[in-house]
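Asks: next one to model:
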Amino acid sequence: MKIASAIVAILIVLGVWSSAFVVREGQTAIVLQFGRIERTNDQPGLHFKWPFVQQVMRFDARIQTLDAQPERYFTLEKKSVKVDFYVKWRIAKNTTYYLATAGDLTQARQRLSPIIKDALRFEVNARPLDELISGGRKDITKRVRELADKSTRKSLGIEVVDVRIKQIDLPSEVSDSVYKRMRAERTKLANELRSTGKEAGEKIRADADRQRQVLIADAHRDAAKVRGEGDATAAQIYAKTYSQDPKFYDFYRSLQAYRHAFANGKGVLVLKSDSNFMRFFDNQDGNKR
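Replies: Residues are numbered from 1 along each chain as shown. Sure thing, here's the model as predicted:
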């Protein structure tokens with residue numbers, strides 16, 4: 001009796017143990033019954049199933065990376081380019097994903113890769129080489145993601161999160177022509193910038209010369225005004241001095257004339273002995289004897 005009770009207890013424990021399962025964060029799961037999908041469990045936590053009859057398959061619901069091999073495409077003008085890209089994706093609907101791939105990650109990547117490549121080929125074929133290498137990558141990857149996502153959601157239960165182009169390689173003959181064209185464009189741009197800078201420099205120099213002339217003219221005008229005012233003041237002082245003592249004024253002016261005449265010590269004057277210029281050499285009053 002005790003043995004039977006123990007066996008029953010063990011069977012109950014095993015039944016409860018096999019009926020409970022846990023879906024972890026970052027996972028999604030489906031419950032299968034005889035190979036048929038019975039239900040899905042998208043939320044993390046503790047879940048239950050029928051023991052021994054139903055089984056659980058868990059999938060990684062986090063973002064996956066598909067780093068495909070570089071693929072060769074042709075542009076609008078039939079020029080060959082090799083495009084290296086990668087894809088970010090995740091499971092959008094686990095039932096569709098299981099039916100399409102049996103839950104095999106390798107098989108999912110193998111089925112996803114041609115869908116991305118076909119969408120990328122369509123976009124590259126519709127664009128010229130100049131647009132492809134100059135600034136069209138963002139538009140291309142956006143369109144590829146939209147086209148691929150629309151297809152993979154229905155057929156694989158996969159959401160294409162992002163598509164990125166890592167590198168675009170050009171054949172040597174195409175590279176030479178592209179580099180020559182780019183060099184010509186840069187040379188043209190550099191010449192335009194130099195011409196614009198030279199023109200701006202000429203304008204700045206012309207404006208500086210004009211301002212210089214204005215400043216010099218203003219300075220000459222102010223200097224002439226100051227000199228005129230100084231000469232007027234000096235004339236007033238001379239007139240006032242002369243009116244106070246005419247003889248001293250004549251004597252002072254004669255001394256100034258002597259100083260300027262003999263300033264360098266090498267000057268020679270030939271004058272008559274009774275010249276009015278030399279009158280103060282004979283008499284301090286300036287009167288001739």
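
Asks: what's the closest non-adjacent residue to His19?
Replies: Small correction: residue 19 is Ser, not His. Pro51 (4.4 Å; Cβ to Cβ, 6 or more residues apart in numbering). Heads up, the C-betas are built off the backbone N, CA and C, glycines and all.

Asks: assign the one you found to helix, strand or coil.
Replies: Reducing the assignment at Pro51 to three states with DSSP: H, G, I helix; E, B strand; the rest coil gives coil.

Asks: next, count neighbours for Leu193.
Replies: 10 (other Cβ atoms under 10 Å).

Asks: can you tell me the helix or strand for it?
Replies: Per DSSP states H and E: Leu193 is located in helix 172-244.

Asks: show the subsequent helix or strand relative to that helix.
Replies: In the C-terminal direction, the helix or strand that comes right after helix 172-244 (DSSP H and E) is helix 246-261.

Asks: quick check: angle from that next one to helix 172-244?
Replies: 140 degrees (axes from the mean of the first three to the mean of the last three Cα atoms, to 10 degrees).

Asks: what's the mean pLDDT across helix 246-261?
Replies: The average pLDDT within helix 246-261 is 70.

Asks: what's the answer for stretch 24-39, then?
Replies: The predicted model gives stretch 24-39 an average pLDDT of 81.

Asks: show me the shaky parts of the stretch 51-200 of the chain.
Replies: Within the stretch 51-200 of the chain, the ranges that satisfy pLDDT under 70 run 134-136, 171-179.

Asks: can you map out the helices along it?
Replies: Listed in chain order, the helices of the stretch 51-200 of the chain (DSSP state H, counting those that start in this stretch) span residues 94-101, 105-125, 129-134, 137-155, 172-244.

Asks: which one, of those helices, ends up nearest to Gln33?
Replies: Across the helices of the stretch 51-200 of the chain, Gln33 has its closest neighbour in helix 94-101 (13.5 Å, Cβ to Cβ).

Asks: residues making contact with that closest one?
Replies: Outside of helix 94-101, the residues that reach it under the criterion Cβ atoms under 8 Å, 6 or more residues apart in numbering are 28-30, 37, 40, 42, 57, 59, 61, 91, 103, 107-108, 111, 153-158.

Asks: nearest spatial neighbour of Gln55, chain-adjacent residues omitted?
Replies: Of all residues beyond its chain neighbours, the one nearest Gln55 is Leu32 (5.1 Å), with distances taken as Cβ to Cβ, 6+ apart.

Asks: which strands and helices sit next to the helix or strand hosting Ile37?
Replies: Using DSSP H and E, the element containing Ile37 is strand 36-41. For strand 36-41, the packing partners by 3 or more Cβ pairs under 8 Å, 6 or more residues apart in numbering; DSSP states H and E come out as strand 27-33, helix 94-101.

Asks: still on that earlier bit, pretty sure the residue nearest to Ser19 sits against Gln33.
Replies: No. Pro51 lies out of contact with Gln33 (Cβ atoms under 8 Å); the separation is 11.8 Å.

Asks: residue contacts, Arg143?
Replies: Remark: with contacts taken as Cβ under 8 Å, 6+ apart, Arg143 is in contact with 119, 123.

Asks: tell me the domain ranges of this protein?
Replies: According to automatic domain parsing, the chain comprises the domains 2-60, 64-170, 246-289.

Asks: among the ones you listed, which is the most enclosed?
Replies: domain 64-170 (a mean of 17; mean count of other Cβ atoms under 10 Å).

Asks: return the distance of that one from the chain's centre.
Replies: Domain 64-170 has its C-alpha centroid displaced from the chain centroid by 28 Å (Cα atoms, centre = their mean, to the nearest Å).

Asks: repeat that for stretch 209-225.
Replies: So, by Cα atoms, centre = their mean, the centroid of stretch 209-225 is 46 Å from its chain's centroid.

Asks: and that stretch, C-alpha only, in CSV?
Replies: Only the C-alpha atoms of stretch 209-225 are listed here, as CSV (Å, rounded to 0.1, in the frame of the first residue of the first chain):
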residue,chain,number,x,y,z
ASP,A,209,42.3,101.5,-49.2
ARG,A,210,39.2,103.8,-49.3
GLN,A,211,39.0,103.9,-45.5
ARG,A,212,42.8,104.6,-45.4
GLN,A,213,42.4,107.5,-47.8
VAL,A,214,39.5,108.9,-45.8
LEU,A,215,41.4,108.6,-42.6
ILE,A,216,44.5,110.3,-44.1
ALA,A,217,42.4,113.1,-45.5
ASP,A,218,40.6,113.6,-42.2
ALA,A,219,44.0,113.6,-40.4
HIS,A,220,45.4,116.2,-42.9
ARG,A,221,42.3,118.3,-42.4
ASP,A,222,42.5,118.1,-38.6
ALA,A,223,46.2,118.8,-38.7
ALA,A,224,45.8,121.8,-41.0
LYS,A,225,43.0,123.1,-38.7
